[in-house]
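Q: show me the folded form of this:
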Amino acid sequence: MNETSCQKPDYPELARQIKVWAQEAGFADARIGRAELPQEHEAALMTWLAEGNHGEMDYMARHGALRVRPAELVPGTLSIVSVRMNYWPEEARAADAVLADSSMAYVSRYALGRDYHKVLRQRLQRLADRIAQAVGPFGYRVFTDSAPVAEVALAARAGVGWRGKHTLLINKGQGSLYFLGELFTDLPLPVDQAEQQHCGSCTRCIDVCPTQAIVAPYKVDARRCISYLTIELKGAIPEPLRPLIGNRVYGCDDCQLCCPWNRFAVPTAEADFAVRHGLDDVSLVALFAWSEAEFQQKMAGSPIYRIGYDKWLSNLAVGLGNAPRSEAVLAALRARQDSESEMVRECVWWALRRHGATQA
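A: Below is the predicted model of the structure:
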């Protein structure tokens, strides 16, 4: 099979080769599914949106059912190659140890290195180019958390894993600590079998959630989710939820840390996901001292960059409000109590009140 051949491709063999090429491109796994989802996915999405569980993520409501209609998102799509790439950096300080020390800043382990969007897009493009070398020009589009794509549902349908009760995808052999990406194609590839559910009666992820954001099995209220509150929410974290945030300043891994299937998780071999700037083991006070120029310089190329300096500081101020009272903590907060940002200023004063350190 080559680009000069006029014969119809051997699609079963092509599907087998695509999985090999995906691993050569750096993915842990690849599976193939149809460009469609059962009707119950659309019904569940519409109910979830109607209840307001998406919070301020207006784009989710704006795209509506398109998220679960891949063939309408990219007309002509017949098959979808779902891929996953491990991200957990083996050299990072143990997550449990950082969470247990409330003077430290906890950054979700997927965000300790470079932004995954570019990494996955480049690898998916490499995979598409390799397919084109074999079969000639074909219709495709690559996605990695960059458009209205129900990536977990599509990956589950393709057999990459199953949807856990925390709504993330779990793989029986490697847990859930990986990114997902998709290659929409107009190739009529044979599809893989979906994976059966293996969560059973386990509710550890539901029980451990600091803000009780998993309101029912397979259902998350984003308005309570720490990842949403520290990343997607443009304003400050709502005051009633602040004490529950602890020292989590960007994202949250609790529901995955407790999952029994993650005892099989495989550390990443991707150099771009290695820890940068010591974010795995750094104090709240140290990060709060960064100037805006330092933030922009150190966070360039990081997923953290997109939340902006003021949101970053406001998250850190909440963390400092939950940290043990110390002269270093109080001095850090007082240094920013007159911040030009109203959001930062309000969170700083909240933190000072938590420590009983405000003045009349």
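Q: following element in sequence after the longest helix belonging to the chain, please.
A: When the chain is scanned for its longest helix (criterion: DSSP state H), the result is helix 116-135. Toward the C-terminus, helix 116-135 is succeeded by strand 140-143 as the next helix or strand (DSSP states H and E).
Q: sheet partners, orientation included, of that following strand?
A: Take DSSP bridges as the rule and strand 140-143 pairs in its sheet with strand 178-185 (antiparallel).
Q: and the strand it pairs with, average pLDDT?
A: Strand 178-185 shows an average pLDDT of 98 in the prediction.
Q: with stretch 249-263 instead?
A: Averaged across stretch 249-263, pLDDT comes to 98.
Q: list the buried residues for it?
A: For stretch 249-263, the buried set under the neighbour-count rule, 16 or more other C-beta atoms under 10 Å, comprises 249-259, 261-262. Where you see a C-beta, it was placed from the backbone N, CA and C, and this is true even at glycine.
Q: stretch 156-166 too?
A: By neighbour count on 16+ other C-beta under 10 Å, the buried set for stretch 156-166 is 156-166.
Q: ends of it, how far apart?
A: With C-alpha to C-alpha, to the nearest Å as the measure, stretch 156-166 spans 14 Å from end to end.
Q: and stretch 292-307, by the same measure?
A: Criterion C-alpha to C-alpha; first-to-last residue distance in stretch 292-307 is 13 Å.
Q: what sits against residue 158?
A: With contact taken as C-beta atoms under 8 Å, 6 or more residues apart in numbering, residue 158 is in contact with 31-33, 80-82, 191-192, 194.
Q: okay, residue 81 and residue 199: tell me how far apart.
A: Using C-beta to C-beta, to the nearest Å, one obtains 26 Å as the distance from residue 81 to residue 199.
Q: pick out whichever of these two has more residues nearby.
A: Using other C-beta atoms under 10 Å as the criterion, residue 81 and residue 199 rank with residue 81 on top: 29 against 19.
Q: sheet partners, orientation included, of the helix or strand hosting the more buried one?
A: Assigned by DSSP H and E, residue 81 belongs to strand 79-86. Listed by DSSP bridges, the sheet partners of strand 79-86 and their directions read strand 29-34 (antiparallel), strand 178-185 (antiparallel).
Q: quick check: angle from that strand to helix 116-135?
A: 130 degrees (axes from the mean of the first three to the mean of the last three C-alpha atoms, to 10 degrees).
Q: any regions of the stretch 201-350 of the chain where pLDDT drops low?
A: In the predicted model of the stretch 201-350 of the chain, no residue satisfies pLDDT under 70.
Q: what about residue 351, neighbour count?
A: Counted by other C-beta under 10 Å, the residues lying close to residue 351 total 26.
Q: over to residue 140?
A: Residue 140 - counted by other C-beta under 10 Å - has 23 other residues nearby.
Q: nearest residue to it other than its sequence neighbours?
A: Nearest in space to residue 140, with sequence neighbours left out and distances taken as C-beta to C-beta, 6 or more residues apart in numbering, is residue 185 at 4.7 Å.
Q: so how many other residues sit close to residue 106?
A: Counted with other C-beta under 10 Å, the neighbours of residue 106 add up to 28.
Q: strands of the chain, start to end?
A: With DSSP state E as the criterion, the chain has strands at 29-34, 79-86, 106-107, 140-143, 162-163, 169-170, 178-185, 214-216, 219-220, 248-250.
Q: save these as JSON lines, and put in distance to residue 10 too.
A: Converted to JSON lines, the strands of the chain look like this (distance: least, C-beta to C-beta, whole Å):
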{"stretch": "strand 29-34", "distance to residue 10": "15"}
{"stretch": "strand 79-86", "distance to residue 10": "15"}
{"stretch": "strand 106-107", "distance to residue 10": "46"}
{"stretch": "strand 140-143", "distance to residue 10": "19"}
{"stretch": "strand 162-163", "distance to residue 10": "30"}
{"stretch": "strand 169-170", "distance to residue 10": "30"}
{"stretch": "strand 178-185", "distance to residue 10": "16"}
{"stretch": "strand 214-216", "distance to residue 10": "45"}
{"stretch": "strand 219-220", "distance to residue 10": "42"}
{"stretch": "strand 248-250", "distance to residue 10": "47"}
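Q: for residue 45, find the nearest of the ones you listed.
A: Distances from residue 45 to each of these were compared by C-beta to C-beta, and the smallest falls on strand 219-220, at 11.2 Å.
Q: which neighbouring elements make contact with that closest one?
A: Contacts of strand 219-220 with other secondary structure elements, assessed using 3 or more C-beta pairs under 8 Å, 6 or more residues apart in numbering; DSSP states H and E, are absent: no helix or strand is involved.
Q: list the contacts of it.
A: Applying C-beta under 8 Å, 6+ apart, the set of residues contacting strand 219-220 from outside is 48, 53, 166-167, 213-214.
Q: return the member of those residues nearest to residue 283.
A: Taking C-beta to C-beta as the measure, residue 283 sits nearest to residue 213 out of the contacts of strand 219-220, at 26.4 Å.
Q: hmm, that closest one is touching residue 244, no?
A: No: the pair residue 213 and residue 244 fails to qualify as a contact (C-beta atoms under 8 Å) at a distance of 9.8 Å.
Q: so for those two, which sits in the more crowded spot?
A: Neighbours around residue 213 and residue 244, counted as other C-beta under 10 Å, are more numerous at residue 213. The numbers are 25 against 17.
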